[in-house]
Structures are given as C-alpha cells and as structure tokens.
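J.: pasting a predicted model and its sequence here:
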Amino acid sequence: KQREQVKKDGFSPQKFYRENCAQCHGDHLKGNGPVSEWIYPIPKNLKNAEFLRNLGKERAVQSIMYGVQG
C-alpha cells in the first residue's frame with residue numbers, strides 16, 4: 001500500500017516517519033513514543049549523537065526498511 005502511495009504522491013520522509021516510526025520513537029525522535037514502554041528492546045533515541053555516529057548507513061537503511069527485532 002505504501003509503495004502505491006509513494007508512486008502516486010511522491011515520497012515524504014515526514015509522512016513515512018509519522019506512519020512507521022513515531023509510535024515507537026516519538027514525535028521528537030527521542031525513543032519515547034506512545035508504545036515505547038511496551039517494547040523490548042527500548043526504541044533508540046534518534047537524537048543521540050553517539051548512537052548515530054556508530055549506526056552506519058547500511059544498518060540505518062536496514063532498520064528503516066525492515067525494522068529491528070523486538
């Protein structure tokens with residue numbers, strides 16, 4: 001369904017995040033979304049510079065495309 005929407009309207013990173021990531025990572029990327037307290041492992045704070053520095057492009061793409069275990 002998302003692929004069809006992207007083909008029709010184009011890709012919006014903000015919309016993608018809101019629909020696929022914000023429930024866990026929160027509106028401000030801090031890992032405190034509305035369902036975060038029930039998730040293990042705890043969602044990452046995407047504003048944490050040390051985490052981002054060590055993430056790497058390939059792992060970031062994999063996480064965005066397929067999620068993470070847990």
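T.: Arrived safely. Numbering: from 1, shown residues only.
J.: any stretches of this protein with poor pLDDT?
T.: 70 (pLDDT under 70).
J.: centroid-nearest residue for it?
T.: Among the residues of the chain, the one closest to the centroid is residue 21, at 3.7 Å (C-alpha atoms, centre = their mean).
J.: contacts only, for that one.
T.: residue 64 (C-beta atoms under 8 Å, 6 or more residues apart in numbering). (Each C-beta comes from the backbone N, C-alpha and C, glycine too.)
J.: same check, this time on residue 29
T.: Contact partners of residue 29, counting by C-beta under 8 Å, 6+ apart, are 45, 46, 47.
J.: which of these are buried?
T.: 45, 46 (16 or more other C-beta atoms under 10 Å).
J.: show me where this structure has strands.
T.: Here the chain has no strands by DSSP state E.
J.: mind jotting down where the helices sit in it?
T.: 2-9, 13-20, 22-25, 49-55, 57-66 (DSSP state H).
J.: ok, so what distance separates the residue of the chain most remote from its centre from residue 2?
T.: Within the chain, the residue lying farthest from the chain centre (C-alpha atoms, centre = their mean) is residue 8, at 22.4 Å. Separation of residue 8 from residue 2 (C-beta to C-beta, to the nearest Å) stands at 11 Å.
J.: one more: residue 53?
T.: 29 Å.
J.: looking at those two, which has the bigger crowd around it?
T.: More crowded of residue 53 and residue 2, by other C-beta atoms under 10 Å: residue 2, with 11 against 8.
J.: quote the end-to-end distance of stretch 5-20.
T.: In stretch 5-20, first residue to last residue: 14 Å (C-alpha to C-alpha, to the nearest Å).
J.: who touches that stretch?
T.: If you take C-beta under 8 Å, 6+ apart as the criterion, stretch 5-20 is touched by 2, 25.
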